[in-house]
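Asker: only geometry, no sequence info:
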């Protein structure tokens, strides 16, 4: 109990991964999307889960790889 799992995947698979985590007793705790720049669709989703954790998901700000100047 209390172990952590971190997953990097395509955003299109997000619903499947969250459902699978919950079925395995791992509660998603943090979610963050990764995008090349502002205004572009994210290409990666980062999810952190905790085994036996209570309900509650924190959505972090999008991580931008390039900032527009």
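Answerer: That came in fine, so what should we check first? Treat the numbers as computed from the prediction; the structure is a model and nothing was measured.

Asker: C-alpha only now, for contacts and for neighbours.
Answerer: Will do.

Asker: show me where the chain has helices.
Answerer: 14-23 (DSSP state H).

Asker: where does the protein dip in pLDDT?
Answerer: Flagging of the chain using pLDDT under 70 yields the residue ranges 69.

Asker: longest strand of it?
Answerer: Counting residues, the longest strand found in the chain (DSSP state E) is strand 26-35.

Asker: which elements pack onto that strand?
Answerer: Packing contacts for strand 26-35, counted by 3 or more Cα pairs under 8 Å, 6 or more residues apart in numbering; DSSP states H and E, involve helix 14-23, strand 44-51, strand 58-59, strand 63-64.

Asker: would you list these in CSV and tack on mean neighbour count?
Answerer: CSV is the format used below for the helices and strands packed on strand 26-35 (neighbours: other Cα atoms under 10 Å):
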stretch, mean neighbour count
helix 14-23, 14
strand 44-51, 20
strand 58-59, 12
strand 63-64, 17
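
Asker: to residue 3, which of the ones you listed lies closest?
Answerer: Each of the helices and strands packed on strand 26-35 was checked against residue 3 via Cα to Cα, and the shortest separation belongs to strand 44-51, namely 5.3 Å.

Asker: gap between the closest one and the chain center?
Answerer: In terms of Cα atoms, centre = their mean, to the nearest Å, the centre of strand 44-51 is found 4 Å from the chain centre.

Asker: so what strands line up beside it?
Answerer: For strand 44-51, the paired strands and their directions (DSSP bridges) are strand 4-9 (antiparallel), strand 26-35 (antiparallel).

Asker: now do the same contact list for the residue nearest in space to the middle of the chain.
Answerer: Among the residues of the chain, residue 47 comes closest to the average C-alpha position under Cα atoms, centre = their mean, at 2.5 Å. Residue 47 makes contacts with 6, 7, 8, 28, 29, 30, 31, 32, as judged by Cα atoms under 8 Å, 6 or more residues apart in numbering.

Asker: which among the residues you listed end up buried?
Answerer: Among the contacts of residue 47, those that count as buried by neighbour count (16 or more other Cα atoms under 10 Å) are 28, 29, 30, 31, 32.

Asker: fine by me, thanks again.
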